[in-house]
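In: what's the 3D shape of this:
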Amino acid sequence: MAVPKIRFPGFTDAWEQRKFSEVFYSIPNNTLSRSELSTDEGTVKNIHYGDVLINFDAYIDVQNAVLPRIVNDAKATKAAKSTLKDGDVVIADTAEDETVGKCAEIGNLVNDVVVSGLHTIPSRPKFKFGKGYLGFYMNSSAYHDQLRPLIQGIKVSSISKSALAKTELKYPKNMAEQEKIGSFFLMIDNTITLHQRKLEGMKLLKKSLLQKMFPKSGESVPEVRFPGFTDAWEQRKLGEISERVRGNDGRMDLPTLTISAGNGWMNQEDRFSGNIAGTEQKNYTLLKKGQLSYNHGNSKLAKYGAVFELRTYEEALVPRVYHSFKTTNEADPAFIEYLFASKLPDIELSKLISSGARMNGLLNINYDQFMGISIKLPAVEEQIRIGQFFRNVDYAITLHQRKVEALQKLKKSLLQQMFV
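Out: From the prediction side, this is the model:
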């Protein structure tokens, strides 16, 4: 009997199984006339291939979704598009990875909405389904396992209407069970979205405060400051408040780390699925908790490199090419990390670069040059407050990130167990 591993109480019937062509018919293209557009700004929302593949998940709440509108213009209205209804499913038939075949169920329509005929297969159910069921089922592994053998292409993958016709859909006969499944996954998606918004909010807050809690170029005090601190910040050379760290004591069984501009210190085994140090590991630098390294590698997130303090390990081995250092009692290491995160030192670093990154991706900045840059810093007590504040912000960001990842993992597991 075709039933899922996990099921809502009270439902025991076997699930129905039908061919794709028995469940759907293809929505024909139509051409919108200018008379169908009520204003020059456009009232007709337009769903693109990218909305299905990237911007939305299994269900698009059209009324509340941010979607482009078609303006009253001959070129826009001439393009072939399909007018959609509640419950329609739009399938992305092309992708550069395994996401080909991803679909979105359309719902909560008030005004007209159309879908571009480019790289999409708009399909309409021949009979009614519970809200959200088709969208989540057709994005589950239960359905996508059927698609994989039918996908064509190497660099760009695609699936055809005729291939889709060979697939089968399984669903509960009882509409109430369909609706419970759809509502359940919509609730999970809403919860994930809520935490993602909180996560993005915390990231934006951090970005804003990094700009306001460090003095701008040409200024000696920041815009935002903790109460009780009023003195001007002092300009110093980085080398005046730090000392070089290099060499190791021969222990090669310590964690081997690398710096990611977006994630800070990462174990090489986690980032590269293995230790990439090889024989070079014997030359790695022994870094201790509270000490810092400057990865002078060029990346999209850190054009002039990134500085991070070692916090999650007592000791670790880090690449010798990094400029590793420790602060004196005049500076707080967390403060130094966030000073560099503010991007203010980039002005100084940019002056040192005579050419682009070398073949190994490293900028042409040696240790002495790096230590020669000028930075501004307040008294140590204020540095510690600033460093701890941003540590707390990062902690909150991490909590939201973990919550999102846990919910996504739960959803993936339930998608595997609640469909057949």
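In: got the CA positions of the one helix or strand Ser123 maps to in PDB?
Out: For Ser123, the host element (DSSP states H and E) is strand 120-125. The C-alpha atoms that make up strand 120-125 are tabulated as PDB, following Å, rounded to 0.1, in the frame of the first residue of the first chain:
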ATOM      1  CA  THR A 120       8.900  27.600 -17.800                       C
ATOM      2  CA  ILE A 121       6.200  24.900 -18.200                       C
ATOM      3  CA  PRO A 122       3.000  26.300 -16.700                       C
ATOM      4  CA  SER A 123       0.600  23.500 -15.900                       C
ATOM      5  CA  ARG A 124      -3.000  23.500 -14.600                       C
ATOM      6  CA  PRO A 125      -4.500  20.700 -12.500                       C
END
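In: chain center to that strand: distance?
Out: Strand 120-125 has its C-alpha centroid displaced from the chain centroid by 28 Å (C-alpha atoms, centre = their mean, to the nearest Å).
In: So for the helix or strand just after it, mean pLDDT?
Out: Sequence order places helix 133-137 as the next helix or strand after strand 120-125, per DSSP H and E. The average pLDDT for helix 133-137 rounds to 98.
In: And the next helix or strand past helix 133-137?
Out: Once helix 133-137 ends, the next helix or strand along the chain (criterion: DSSP H and E) is helix 141-147.
In: in that following helix, what's buried?
Out: Within helix 141-147, the residues scored as buried using 16 or more other C-beta atoms under 10 Å are 142-144, 146-147. C-beta coordinates here come from the backbone N, C-alpha and C atoms, glycine included.
In: Redo the residues you listed as JSON lines? Include distance to Phe229 and pLDDT.
Out: JSON lines is the format used below for those (distance: C-beta to C-beta, whole Å; pLDDT from 0 to 100):
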{"residue": "Ala142", "distance to Phe229": "59", "pLDDT": "94"}
{"residue": "Tyr143", "distance to Phe229": "60", "pLDDT": "95"}
{"residue": "His144", "distance to Phe229": "57", "pLDDT": "93"}
{"residue": "Gln146", "distance to Phe229": "64", "pLDDT": "93"}
{"residue": "Leu147", "distance to Phe229": "60", "pLDDT": "92"}
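In: can you pull out the helices in the stretch 251-400 of the chain?
Out: Counting by DSSP state H, counting those that start in this stretch, the stretch 251-400 of the chain has helices at residues 268-272, 333-341, 346-352, 367-371, 380-417.
In: Check which helices and strands the third one sits against.
Out: Using 3 or more C-beta pairs under 8 Å, 6 or more residues apart in numbering; DSSP states H and E as the contact test, the elements touching helix 346-352 are helix 367-371.
In: Relative to the whole chain's centre, how far out is the helix it packs on?
Out: Offset of helix 367-371 from its chain centre (C-alpha atoms, centre = their mean): 34 Å.
In: That one packs against which elements?
Out: Counting by 3+ C-beta pairs under 8 Å, 6+ apart, the packing neighbours recorded for helix 367-371 are strand 242-244, strand 323-327, helix 346-352.
In: just those: most buried one?
Out: Among these, ranked by average contacts under mean count of other C-beta atoms under 10 Å, first place goes to strand 323-327 (a mean of 22).
In: ok and that one relative to helix 333-341, angle-wise?
Out: If you take axes from the mean of the first three to the mean of the last three C-alpha atoms, to 10 degrees, strand 323-327 sits at 130 degrees to helix 333-341.
In: for strand 323-327, packing partners?
Out: Here strand 323-327 touches strand 242-244, strand 285-288, strand 292-295, helix 333-341, helix 367-371, going by 3+ C-beta pairs under 8 Å, 6+ apart.
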